[in-house]
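S.K.: Can you look at this prediction? I've put the sequence above it.
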Amino acid sequence: MAELKLQSADANLIRDLQDRQSFWPAFVETLRVTKAMVQREAITRYGSSRLGYLLAFVEPTLYFLAFILLRTFIRDKVPFGESAVLFLISGFITVRVFIMVSRRIMFSITANRTLMVFPSVTPLTAMTARAAIETFTMSTILVVFYFFIIIGSESTRINDLVEITFAALALFVLTIGVGFLNAVIVSLFPSYRMIYSIMSLPLLITSGVFYVPALLPIELANIIAWNPVLHCVEWFRVAIYIDYVATLDKSYPVQLGLICGGIGIIFSRAFRVRILD
Amino acid sequence: MIVFDKLTKRYPLQGGGHVTILEEFSGIVPEGVNIGILGRNGAGKSTMMRLIAGSEQPTSGSIYRDGRISWPLGFSGGLHPALTGRQNMRFIADLYDQDLGDIVTFVEDFAEIGRFIDQPVGSYSSGMRARLSFGISMALEFDYYLIDEVIGVGDASFRQKCDDVLTLRRQTTSIFLVSHSARLLRQFCDIGGVIQNGKLTFYETLEEAIEVHAFNQKVVAIDA
């Protein structure tokens, strides 16, 4: 048998080829791919019509109405401040954003698996695209809801608009970080979705939605302080009320989000082949 | 031009040890040459495709790519079931920065899916999905078409269409094909190689490569 030797590359050619691999074109391509992925996500998130975008507001609006209805029947004392709706919404909408968005990012890899035959579509682009869509949607919802709460009541106003922006940023860092880690775990161990679903109720209860955490017995407060979403809820309330007594460690949700997100990104690259199988 | 520089790929095996797909492979694949690689199942043909495409990283060594390289083409992947045929085309056109209009025109003629083009791909039959997927890949302009196995699904007229378009492409661009079918190699390739036990060997003529592959297959049969 006559073997055919392919010409081998000499050192000069290799050096030349290495020089041509620059950062900028790769960066431009990543942007283009991410943009295409965001558009593809938007189609299934909202449907093809503009009306679909409004559907994203339906769920939070229903909760909002439910709270108002609840108040008209149960005239209990307000946990804090003058508006019970504002107090409950500040907690509840925060927890809902966390649960919904971290859950949607969780399925970003599995939902886009068929597209990953394209080398430029990586688990990371899928996670990033969905995180972008969800952040955009939920930010709009937050802005709209707080806006309506303020104009809907004469006595209610938000104390510190800059602080509430930081609270929202922290919430998204935590949510996206946890979402990234979720996405990798669920694509390797599909049954994880059940565990995560079960966790959402205890998460809601320990997030301080219905009470002021600082007024709990210290032993209990110390336990629920491990819940990072609680700190986001408290951060929102610190920004809303002038004299709110908070159980708040601002660095905790941000650091935890960054760590989870970092692990998610590293694992998504390390296990790329296993994720795609 | 695709340049392999001391390319090594190993996979860890469960329970220790590893399997070597390629060991220190070097070589240049110039543009315009159609290459076919034969190998039995598990020899690493698909891994080879993913390495060239860039969706898998080598254990050591590098691959340098000059020119537009397709994804590993098959008949199912690359379509999102929730998107319509047209939306899928738009996505792929954006991904590869190519003109959507040209792609739609080509695919409408090639895939013959008619008004289903605006229906979600999830509602397609497997034949329609295959025609759409292959049609889109042939509509895009690449310098290298990576083809993994699988040509020859669907009915006779579709097979003929695929053959025709590939025959056209092999004259102007490069086809890089992995398969265990000698027929495809004879039909589309200029150079034949065999991948076996971590070694990729090319042969002077296609027939030699086919013979070596046939021999390897028999050895496996006896081993089993």
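M.R.: Perfect, thanks for sending it. All values reported here derive from a predicted model rather than from experimental measurement. Numbering: from 1, shown residues only, chains lettered A, B, ... in the order given.
S.K.: got the contact list for the residue of chain A found nearest chain B?
M.R.: Nearest to chain B, among the residues of chain A, is A:Leu6, at 3.2 Å (C-beta to the nearest C-beta). All C-beta spots, glycine's among them, are computed from the backbone N, C-alpha and C. By C-beta atoms under 8 Å, 6 or more residues apart in numbering or on different chains, the contact set of A:Leu6 is B:26-29, B:202.
S.K.: Same check on B:Thr105?
M.R.: Contacts for B:Thr105 (C-beta under 8 Å, 6+ apart) come out as none.
S.K.: Now for it, which secondary structure element holds it?
M.R.: Here B:Thr105, judged by DSSP states H and E, is contained in helix B:100-111.
S.K.: Packing partners of the helix or strand following that helix?
M.R.: Sequence order places helix B:126-139 as the next helix or strand after helix B:100-111, per DSSP H and E. Applying 3 or more C-beta pairs under 8 Å, 6 or more residues apart in numbering or on different chains; DSSP states H and E, we find helix B:126-139 packed against helix B:85-95, helix B:100-111, helix B:156-172.
S.K.: Poorly predicted segments of chain B, please.
M.R.: B:75-76, B:149-154, B:220-224 (pLDDT under 70).
S.K.: Excluding residues flanking it in the chain, which one is nearest the residue nearest the centre of it?
M.R.: Geometric centre of chain B, nearest residue: B:Ile147, 1.6 Å, by C-alpha atoms, centre = their mean. In this structure, B:Ile147 finds its nearest non-sequential neighbour in B:Leu177, 4.6 Å apart by C-beta to C-beta, 6 or more residues apart in numbering or on different chains.
S.K.: Make sure that neighbour is indeed in a helix.
M.R.: No. Assigned with DSSP: H, G, I helix; E, B strand; the rest coil, B:Leu177 falls outside any helix and is strand.
S.K.: what's near enough to touch it?
M.R.: B:Leu177 makes contact with B:34-37, B:147, B:184-185, B:188-189 under the criterion C-beta under 8 Å, 6+ apart.
S.K.: ok, and for stretch A:161-168, which residues are buried?
M.R.: Residues of stretch A:161-168 classed as buried: A:164, A:166-168 (neighbour count, 16 or more other C-beta atoms under 10 Å in any protein chain shown).
S.K.: next one: stretch A:266-277
M.R.: Neighbour counts using 16+ other C-beta under 10 Å place A:267-268, A:272, A:275-276 of stretch A:266-277 among the buried residues.
S.K.: could those go into JSON lines alongside pLDDT?
M.R.: Shown next, in JSON lines, are the buried residues of stretch A:266-277 (pLDDT from 0 to 100):
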{"residue": "A:Phe267", "pLDDT": "96"}
{"residue": "A:Ser268", "pLDDT": "94"}
{"residue": "A:Arg272", "pLDDT": "86"}
{"residue": "A:Ile275", "pLDDT": "84"}
{"residue": "A:Leu276", "pLDDT": "79"}
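S.K.: Switch those residues over to TSV; also include secondary structure.
M.R.: Listed next are the buried residues of stretch A:266-277 as TSV, based on three-state DSSP:
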residue	secondary structure
A:Phe267	helix
A:Ser268	helix
A:Arg272	helix
A:Ile275	helix
A:Leu276	helix
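S.K.: What about chain B: which of these touch it?
M.R.: A:272, A:276 (C-beta under 8 Å from any C-beta of the partner chain).
S.K.: Quick check: which element contains the closest residue to chain A within chain B?
M.R.: Proximity of chain B to chain A (C-beta to the nearest C-beta) peaks at B:Gly27, 3.2 Å away. Using DSSP H and E, B:Gly27 sits within strand B:18-29.
S.K.: OK, contacts around B:Ala82?
M.R.: A:43-44, B:120-122.
S.K.: So it, which state does it fall into?
M.R.: Under three-state DSSP, the three-state class of B:Ala82 is coil.
S.K.: Please report phi then psi for it.
M.R.: phi -80, psi -20 (degrees, to the nearest 10).
S.K.: coming back round to it: partners of the residue nearest to B:Ile147 in the sheet?
M.R.: Beta-bridge pairing for B:Leu177 (DSSP bridges): B:Gly36, B:Ile147.
S.K.: From B:Gly135, how far off is it?
M.R.: Distance, B:Leu177 to B:Gly135, using C-beta to C-beta, to the nearest Å: 18 Å.
S.K.: what do you get for B:Ala111?
M.R.: Distance, B:Ala111 to B:Gly135, using C-beta to C-beta: 4 Å.
S.K.: now do B:Gln87
M.R.: From B:Gln87 to B:Gly135 the distance is 15 Å (C-beta to C-beta).
S.K.: Of these two, give the one with the bigger neighbour count.
M.R.: Shown here are B:Gln87 and B:Gly135; by other C-beta atoms under 10 Å in any protein chain shown, B:Gly135 has more neighbours (24 against 21).
S.K.: Just confirm that one contacts B:Phe106, I think it does.
M.R.: Yes. At 6.9 Å, B:Gly135 counts as touching B:Phe106 under the criterion of C-beta atoms under 8 Å.
S.K.: give the contact list for the residue nearest to the centre of chain B.
M.R.: B:72-73, B:166, B:175-179.
S.K.: got the contact list for the nearest residue to B:Ile69 once chain neighbours are set aside?
M.R.: Excluding its sequence neighbours, the residue lying closest to B:Ile69 (C-beta to C-beta, 6+ apart) is B:Tyr144, at 4.5 Å. Contacts for B:Tyr144 (C-beta under 8 Å, 6+ apart) come out as B:2, B:31, B:52, B:67-70, B:173-176.
S.K.: Now for B:Tyr96: which residues touch it?
M.R.: B:68, B:140.
S.K.: quick one: contacts for A:Thr135?
M.R.: A:101, A:172, A:176.
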